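Student: Dropping the sequence and predicted coords here.
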Amino acid sequence: MTQQKTTGQPQPRQFSIAHLTAIDLPPHELIHLAARCGYDAVGLRLIRVTDTSPGYPLMEDPAMMRAAQSALAETGVFVNDIEFVKLTPDLEVATLEPMLATGAALGARHVICAPYDPDLPRLAVRLAQMSELAAGYGIKAMLEFFPWTVVPDLPAARALVAASGADAGILVDALHFDRSGSRLADLAALPPAQVPFLHLCDAPVHPPYSTDDLLHAGRAERLPPLEGQIDLTAFLGVFPAQSLIALEVPMTAATAREGIEAVAKRVIAAARTCAAQAELR
């Protein structure tokens, strides 16, 4: 996979704001924020991930669901992805059907899944089940890898998807890609259809990292593109030129100090600069 050159009139790059960047905003407020700050899309966290961060179960809250649908209609923002499905040993995939039906009603294109089962063959089965169920709603399952899990890097993610036999994508997050030691050659080997979007952020580069380091950066403190030491222009340069860029940049301290709108504007401005540099590379 290499960045594709286009002929004729180039299509504008699309940007999405991941819910983790503004996790305290309910979906309708996130959608309006995205529109004000120049984002094309949002990711919505419909399932709580940790005890200290919220999820917004629109499938159980008709009033909040109506507010989200109204915000989408008013702004023209679309839903790129819904999250966050932990593929655990005791997961009953069928119980996620209401979430996927809600995602489909919102126009979501992808559902993000995470590997939290140490039994790799069983994990592959769960991923296949999830992919099949999601596909019935026109949604593509995306496996995200994390350095602290049983699927710690890009080669492991690719192997699991292959073992599952599923038509699942792989969500590559710049932070986890860098801190897992994954290589650009691994990324370049992926079929473009397997990486329809990516997560972009920056961070300091100072290996080795403890699990606490990995979790803190992943969940609470990252940097806008080009403000850290990850080689993001090389990273972006491997993706097709029109890949959607989702900005997952939680900045807890800056948000408390400056407000979420200032942070969201700072992040997308930095991402636009980074994307332009990657295209010139």
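Tutor: All right, it came through fine.
Student: Contact partners for Lys265?
Tutor: Cys37, Gly38 (Cβ atoms under 8 Å, 6 or more residues apart in numbering). Placement of C-beta: from N, CA and C, glycine included.
Student: so it sits in a helix?
Tutor: Yes. Assessed by DSSP: H, G, I helix; E, B strand; the rest coil, Lys265 belongs to a helix.
Student: Return the distance of it relative to Arg272.
Tutor: According to Cβ to Cβ, to the nearest Å, Lys265 and Arg272 sit 11 Å apart.
Student: For this structure, just list every one of the strands.
Tutor: 15-17, 41-45, 78-87, 110-115, 140-144, 169-173, 197-200, 244-247 (DSSP state E).
Student: Just tell me which of those ends up closest to His28.
Tutor: Nearest to His28, of all the strands of the chain, is strand 41-45, at 10.2 Å by Cβ to Cβ.
Student: Which strands and helices lie in contact with the closest one?
Tutor: strand 15-17, helix 27-37, strand 78-87, strand 244-247 (3 or more Cβ pairs under 8 Å, 6 or more residues apart in numbering; DSSP states H and E).
Student: repeat that with 6 Å
Tutor: Here strand 41-45 touches strand 15-17, helix 27-37, strand 78-87, going by 3 or more Cβ pairs under 6 Å, 6 or more residues apart in numbering; DSSP states H and E.
Student: For the shortest one, name the packing helices and strands.
Tutor: Think strand 15-17. Strand 15-17 packs on strand 41-45, strand 244-247, going by 3+ Cβ pairs under 6 Å, 6+ apart.
Student: strand partners of the last one, parallel vs antiparallel please.
Tutor: Pointing back at strand 244-247 there. Using DSSP bridges, the strands paired with strand 244-247 are strand 15-17 (parallel), strand 197-200 (parallel).
Student: could I get those strands as CSV with mean pLDDT and mean neighbour count?
Tutor: Listed next are the strands paired with strand 244-247 as CSV, based on pLDDT from 0 to 100; neighbours: other Cβ atoms under 10 Å:
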stretch, mean pLDDT, mean neighbour count
strand 15-17, 98, 26
strand 197-200, 98, 25
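Student: Nearest to Pro54 among these would be which one?
Tutor: With Cβ to Cβ as the measure, strand 15-17 is the member of these nearest Pro54 (15.9 Å).
Student: neighbours around the nearest residue to Leu87 once chain neighbours are set aside, how many?
Tutor: In space, and not counting its chain neighbours, Leu87 is closest to Arg126: 4.6 Å by Cβ to Cβ, 6 or more residues apart in numbering. A count of nearby residues for Arg126, using other Cβ atoms under 10 Å, gives 24.
Student: Surely Arg126 touches Pro89?
Tutor: No. Look at Arg126 against Pro89 with Cβ atoms under 6 Å: they stay out of range, at 8.7 Å.
Student: could you list every residue that touches the residue positioned nearest the centre of the chain?
Tutor: Residue closest to the average C-alpha location in the chain (Cα atoms, centre = their mean): His199, at 4.9 Å. Applying Cβ atoms under 6 Å, 6 or more residues apart in numbering, we find His199 in contact with Asp173, Ala246, Glu248.
Student: likewise Phe235?
Tutor: So Phe235 contacts Ala174 (Cβ under 6 Å, 6+ apart).
Student: now it: how far from Ala35?
Tutor: Taking Cβ to Cβ, one finds Phe235 at 27 Å from Ala35.
Student: correct me, but Arg48 touches Gly55?
Tutor: Yes. Look at Arg48 against Gly55 with Cβ under 6 Å: they come within range, at 3.4 Å.
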